[in-house]
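In: Could you look at this predicted model? Sequence included:
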Amino acid sequence: MDVKILITGGAVFPFAEDATGYHPGYVLIEDGRIQAVGEGTPDLAAMDPDETIDATGQAVFPGFINLHSHAALTALRGRAEDVDTVTAVYGLMAPINDALTPEETYAMARLGFFEMMRTGVATVMESSVHMDAVARAAEEMGIRAYLVAGKVHDVVLGGVLEGKYAFDASLGERTLRDALDLVDAWEGRGDGRLGFILGPHATDTCSRDLWERVGEAARERGIGVTTHLLQNTQERDQVMALHGMRPVELLEAVGVLNDDLVAAHCLHISDREMDMMAEAGAHLAHCPAILAKRGSVAPLMPLRARGVNAGIGTDNMSGDMVEAMRFAIAASRIREVSPDTPKPADILWLGTRGGARALGRDADLGSLEAGKRADVTIVDYRAPHTTPVFPETYVSTLLHCGVGTDVSTVLVDGRIVLRDGQLQTADPGEILDEAQRAADAALKRIEARG
């Protein structure tokens, strides 16, 4: 049954053009879409809602979009943040991915999605092992998910930590087939909330032949491609040694450097490669929190100055988008030696409109506008760390002083999935207990293997 919901009484930030807000404003939702957004107090009798959400003392934003996540890796919380990227990816993450069973991955995905939704995420681009289990978790939890069909690779990952690159064509064949099978199995499910994107792992873990096949498959299916790009110097050096070109040049050569590409990290990108990304219309999935924890800062502002669209990703061990956006401000200001660039509103734009644009969904996601899908995040400012707040400081107060759990309510397609801080689509205690058991079991198997 279609429900008409009216959100009223709070500040409303549509992000239709800029960060201008209504104080107060209202949002009217019906049949999963936004019907009206306006300033002031609406005529309740005329709108005749089935439910009214009183947002007094709160602010209403577009649902946050997490553009790069590995929810299953929450199993490594506190274990993989204090090492370099190569050690983290191939020394810790590869073993846990191998150890997790489908049901354990399902448990960890539910935990990851719970955290994301609790901190304002309505849409996530998610990549994990056992993606059928992840898809099931996304469908049940009510989050909007772009499922990364992958990870596609034909390098035996176990040797990469030591700098050994052994190619196995059958591995590439199997991982690409698994990716396409995922699309076939899940396309059209989840009431339209599930989308797909092909996920070749990285430029150094896929052969040129496999990259070309990924590009062909993406074009045939009409879906995009996402990959880890220039996340460490080993990747850059391996690609240059094997192909005689830099990683972005390789992507251009195999036909995937275009406006359907979402590239995560871009930490060691050259000026020429930035220009190439801009010219191609490729997108950046900026993951500042995990990079900063490992002592690195990606060149967000130089890429943006060239016109590269970007969104914000939490990556791994944390799904808190408010934390990720705060890191995006602080890390870039340190890198640019600037006290005021980027602005909080610029980063919140990336966490909403930028992510929607990267997904090819700017026409119906990323802002509060009539006709768009009703993905909404409401933040409660009635707390010591966010008081006082003024019409001109809602955005800056959230990103400088707020915490993810200040989010009170999240709607996805007009459905309330988080209400007053309480998850509505699953039992939170059960999620926590099952995730703890899953992580314990997977880590014990790794320890037993020595």
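Out: Ah, there it is.
In: Every contact and neighbour count from this point should use C-alpha atoms.
Out: Noted.
In: Helices of the stretch 51-200 of the chain, residue ranges please.
Out: 85-86, 94-99, 102-118, 131-141, 169-186 (DSSP state H, counting those that start in this stretch).
In: which one's the longest helix in the protein?
Out: Determined from DSSP state H, the single longest helix within the chain is helix 428-449.
In: Mind listing what's buried along it?
Out: Buried residues in helix 428-449, counting neighbours by 16 or more other Cα atoms under 10 Å, are found at 431-432, 434-436, 438-439, 441-443.
In: rewinding a little: so which of the helices of the stretch 51-200 of the chain gets nearest Ser367?
Out: For the helices of the stretch 51-200 of the chain, proximity to Ser367 was assessed by Cα to Cα; helix 102-118 is nearest, at 17.4 Å.
In: any idea how this protein splits into domains?
Out: For the chain, the structural domains run 5-62+370-422, 64-358, going by automatic domain parsing.
In: can you list the residues that contact stretch 263-281?
Out: Stretch 263-281 has contacts (Cα atoms under 8 Å, 6 or more residues apart in numbering) with 68, 226-233, 236, 248-249, 257-259, 282-287, 296-299, 303, 306-309.
In: Please narrow these to those residing in helices.
Out: Secondary structure of the contacts of stretch 263-281 is defined by DSSP H; positions in helices are 233, 236, 248-249, 303.
In: quick one: which of those has the most company?
Out: For those, counting by other Cα atoms under 10 Å, the largest number of neighbours falls to Val248: 24 neighbours.
In: which residues sit in contact with that residue?
Out: When contacts are taken as Cα under 8 Å, 6+ apart, Val248 is in contact with 229, 257, 273, 276-277.
In: what about Gly295, how many neighbours?
Out: By other Cα under 10 Å, the residues close to Gly295 number 12.
In: Got the confidence number for it?
Out: Reported pLDDT at Gly295 in the predicted model: 95.
In: Show me the shaky parts of the protein.
Out: When the per-residue scores of the chain are filtered using pLDDT under 70, the ranges that remain are 1.
In: One more pass at 90, please.
Out: Applying pLDDT under 90 to the chain flags the ranges 1-2, 17-19, 149-151, 187-188, 449-450.
In: from what I can see Arg77 touches Met317, true?
Out: Yes. In this structure, Arg77 is within contact of Met317 by Cα atoms under 8 Å, at 4.9 Å.
In: So the two - more neighbours on which side?
Out: Comparing Arg77 with Met317 by other Cα under 10 Å, the one with more neighbours is Met317, at 21 against 12.
In: Does that one belong to a helix, a strand or coil?
Out: coil (DSSP: H, G, I helix; E, B strand; the rest coil).
In: just to revisit the earlier point, out of the domains of the chain, which is closest to Glu447?
Out: domain 64-358 (10.3 Å).
In: Need the distance between the two termini of the closest one.
Out: Taking Cα to Cα, to the nearest Å, the first and last residues of domain 64-358 lie 13 Å apart.
In: How about stretch 351-369?
Out: As for stretch 351-369, its first-to-last residue distance stands at 17 Å under the measure Cα to Cα.
In: Mind listing what's buried along it?
Out: 351-359, 362, 364-369.
In: Stretch 328-345 now?
Out: Taking 16+ other Cα under 10 Å as the basis for neighbour counts, the residues of stretch 328-345 that come out buried are 328-333, 336, 341-342, 344-345.
In: just stretch 372-392 next, same as before
Out: Within stretch 372-392, the residues that count as buried by 16+ other Cα under 10 Å are 372-381, 386, 389.
In: so after the strand or helix carrying Ala263, what's the next helix or strand?
Out: For Ala263, the host element (DSSP states H and E) is strand 261-265. Using DSSP H and E, the next helix or strand after strand 261-265 towards the C-terminus is helix 271-280.
In: Centre of the chain to that following helix, how far?
Out: Average the C-alpha atoms of helix 271-280, do the same for its chain, and the two points are 23 Å apart (Cα atoms, centre = their mean, to the nearest Å).
In: quick one: that helix to strand 261-265, angle?
Out: Relative orientation of helix 271-280 versus strand 261-265 (axes from the mean of the first three to the mean of the last three Cα atoms, to 10 degrees): 150 degrees.
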